[in-house]
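Asks: following is a predicted model, sequence given first.
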Protein chains: 2
Amino acid sequence: MSVQPQRAARPTLEDVAERAGVSRATASRVLNSSPRVSPEAHEAVTAAVVELGYTPNHAARSLVTRRTDAVAVVFSEPEPKIFDDPHFGQLIRAAARALAAADVQMVLMLVHSPEDQARAERFLAGGHVDGALLFAPHKGDQLPSVARKLPLPVVYAGRPWGPLRGLHLVDNDNIGGAVVATEHLLSLGRKKIVSVTGTVDEYSSIDRVEGWRTAVGADEAETALMTESGNFDREGGKRAMAALLDRVPDLDAAFVASDLMAAGALDALREAGKRVPEDVAVVGFDDHPLIAPHTEPPLTTIKQDSNDQVAHMVTHLLRLLRDEPVRARREVLPTILVRRQST
Amino acid sequence: MSVQPQRAARPTLEDVAERAGVSRATASRVLNSSPRVSPEAHEAVTAAVVELGYTPNHAARSLVTRRTDAVAVVFSEPEPKIFDDPHFGQLIRAAARALAAADVQMVLMLVHSPEDQARAERFLAGGHVDGALLFAPHKGDQLPSVARKLPLPVVYAGRPWGPLRGLHLVDNDNIGGAVVATEHLLSLGRKKIVSVTGTVDEYSSIDRVEGWRTAVGADEAETALMTESGNFDREGGKRAMAALLDRVPDLDAAFVASDLMAAGALDALREAGKRVPEDVAVVGFDDHPLIAPHTEPPLTTIKQDSNDQVAHMVTHLLRLLRDEPVRARREVLPTILVRRQST
DNA sequence: GCGAACTGTGGGAGCGCTCCCGAGCGGGGC
DNA sequence: GCCCCGCTCGGGAGCGCTCCCACAGTTCGC
């Protein structure tokens, strides 16, 4: 006679029905708040649920409804370092909050290796989730093209590479933000405004250069002269700023495409003996809470609201899941200038 | 005659079996790599799986196996600000990596409101996951006591409040790290070593004070005089340092219980005209990648390897899930001193 | 040389749920 | 007074999978 492990047998809907003196079907109706149930039945079932501590078996429900009430949140980044960025934490937090509010579970996937990607593909194709939020900004990333073939609603953060036809996405107004930043510098009377750019494999970076170019009216030759990539990291920002000081000694302002790079740029300016903002005014991008307010001097920057972006993505995805109409396939969210002491 | 929406009917195991010319049972055996299958059958099934692009229906499998192959990763923080901390990003990333390697899905839950907690409770009790990793360091948090009643393996990060009996946890050696930090300062000949502490509602903070107290041999009165809480944020670190400078004007070293607070403490020291490390040597805690190397001067600090901690938690949990023996219910991971220019 | 053990396989039950369909019942219209 | 409609409810099928059990065929021991 062996001792059964007997992990506390959870009550089933059958048990609830029996206790409530109704059929399984009626009990199910109550749980799914179907309208065609008498008040007495409703009450009896509700009471039985509480008494038995019943929780529906998700697998069984999912098997028949073909819904999982879960969505995947996928971050695809060739360089895993991005995951240390607090921006990433903000995005996750925003997603968690918005999905929790809709009582949808969040399955997080971080992909940076080809194996991760294969796993993600299998997972998304495997019907484990009803939809996905996809963060895959980098050129050459295969995931978006794989994802678009999936019979699964996907909402993208920003514009992925490849054809956009038919994609649902929520972007930040990077161009507009860069224009505002640059015009702010122009309005301060600055004449020689350079730009430290990000990596050319992300649209967010490309758009920011584009906004700067439009605002200053630079042609191709000027653009080549007046911009330098800082690779979206602090060291890169410093290097880029140093190179620009070398090439354009009389520069009097810089639009730097991220706060992290701007912190590096400020280091370079300090080392070159330039005063900020007197000699050189600097505007960053992101309004990074751990960086922008704490640089020397505190950084004027463009704030993009990640919370808002993710909230929009979630709303959009939920509408798709519920077959509700979406206002537009693509949404572009505004960015705003936050002025501090670097301008 | 209505048009069926007909979402691409996924092949079932039945289809695979038919195509391979075997029974459903044999096909299932192949998929679950059961040993008792002939090579021919194995090959036929494998081929059929590829040809049909079959992926197992997770809900059906889960219904009968009572496993979900998913675990919850729960962060319980009354103050949601913590989620902006890059430390948080590192933990998530480490968890994602370790769980992905085991082909276990990660369901992320961020709880800070009572509703979040109720949701988390329901979710954990609902059999949606096989186990959970729980980060709930704060005193008064109800989640740990709820979780311990759940028929669900849980591994804790650090020591939660309440009885530890029977809990599985992986902690960092906060006491040891603080001792090493303080002894480092003593070895430099420092005599008046103060400490900026964290919040009293976390064991990590309490342990760090304790380590400092042990190393300097302070009694209760001295401890009250020589320590000040910085509330684990930058402003608090600054305030605490200023208060300590006031109370102990001849202090010549400080052990600060987090890098973020240490950054604030350095601000306070600078404003007070103290040179670091000449007048006051400072040691932080965390080795925060965005802070420690970039303070002025760069910060000597205690590194705790979050990756390692989470990896241990995952390994521990997986062993529990597989009914394998665990070495010890509680693991304590070492911390190491990273020396930079602030000492 | 014959029963026992072992190996590969298929049939079938059943996991817990939803949903279709039809039964039962009461009330209103003619 | 009868029929029909609307409302609530129960029976039963079936979602796709795993796993128990039985069975046929082979090999081994004495």
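Replies: Right, received. Where do you want to start?

Asks: only C-alpha atoms for contact and neighbour calcs from this point on.
Replies: Will do.

Asks: mind checking how far residue A:55 is from residue B:57?
Replies: Residue A:55 sits at a distance of 22 Å from residue B:57 (criterion: Cα to Cα, to the nearest Å).

Asks: three-state assignment of residue A:206?
Replies: helix (DSSP: H, G, I helix; E, B strand; the rest coil).

Asks: and residue A:110, by the same measure?
Replies: strand.

Asks: that one reaches residue A:78, doesn't it?
Replies: No: look at residue A:110 against residue A:78 with Cα atoms under 8 Å: they stay out of range, at 10.2 Å.

Asks: so which of those two has more stuff around it?
Replies: Ranked by neighbour count (other Cα atoms under 10 Å in any protein chain shown), residue A:110 and residue A:78 place residue A:110 first, with 23 against 15.

Asks: residues contacting the residue lying closest to that one once chain neighbours are set aside?
Replies: Using Cα to Cα, 6 or more residues apart in numbering or on different chains and skipping residues adjacent in sequence, the residue nearest residue A:110 is residue A:75, 5.0 Å away. Residue A:75 makes contact with A:109-111, A:134-136, according to Cα atoms under 8 Å, 6 or more residues apart in numbering or on different chains.

Asks: for DNA strand D, what are the nearby residues on the stretch 151-300 of chain A?
Replies: Proximity of the stretch 151-300 of chain A to DNA strand D, by Cα under 7 Å from any atom of the strand, involves no residues.

Asks: neighbours of residue A:53, how many?
Replies: Using other Cα under 10 Å, residue A:53 has 12 neighbouring residues.

Asks: likewise for residue A:64?
Replies: Neighbours of residue A:64 under the rule other Cα under 10 Å: 10.

Asks: can I get the CA coordinates of the one helix or strand in chain A whose mean pLDDT sits lowest in CSV?
Replies: Lowest mean confidence among the helices and strands of chain A (mean pLDDT, DSSP states H and E): helix A:86-101, at a mean of 87. Only the C-alpha atoms of helix A:86-101 are listed here, as CSV (Å, rounded to 0.1, in the frame of the first residue of the first chain):
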residue,chain,number,x,y,z
PRO,A,86,16.3,51.5,-17.2
HIS,A,87,14.2,52.4,-20.2
PHE,A,88,13.7,48.7,-20.6
GLY,A,89,12.5,48.4,-17.0
GLN,A,90,10.0,51.2,-17.7
LEU,A,91,8.7,49.4,-20.7
ILE,A,92,8.2,46.2,-18.9
ARG,A,93,6.6,47.9,-16.0
ALA,A,94,4.2,49.7,-18.3
ALA,A,95,3.3,46.5,-20.1
ALA,A,96,2.8,44.6,-16.8
ARG,A,97,0.5,47.3,-15.5
ALA,A,98,-1.6,47.6,-18.7
LEU,A,99,-1.9,43.9,-19.2
ALA,A,100,-2.7,43.2,-15.6
ALA,A,101,-5.5,45.8,-15.7
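
Asks: and it, what does it pack onto?
Replies: Applying 3 or more Cα pairs under 8 Å, 6 or more residues apart in numbering or on different chains; DSSP states H and E, one finds that helix A:86-101 contacts strand A:105-111, helix A:306-321, helix B:86-101, strand B:105-111.

Asks: any idea how far residue A:151 is from the residue in the stretch 101-250 of chain A positioned nearest to DNA strand D?
Replies: In the stretch 101-250 of chain A, the residue that lies nearest DNA strand D is residue A:126 (9.6 Å; Cα to the nearest atom of the strand). The spacing between residue A:126 and residue A:151, counted by Cα to Cα, is 10 Å.

Asks: for residue A:168, same thing?
Replies: In terms of Cα to Cα, residue A:168 sits 14 Å off from residue A:151.

Asks: likewise residue A:157?
Replies: 19 Å.

Asks: neighbour-wise, which of those two wins?
Replies: residue A:157 (22 against 14).

Asks: distance of the more buried one relative to residue A:165?
Replies: Distance from residue A:157 to residue A:165, by Cα to Cα: 15 Å.

Asks: rewinding a little: and of the contacts of residue A:75, the nearest to residue B:191?
Replies: residue A:110 (47.5 Å; Cα to Cα).
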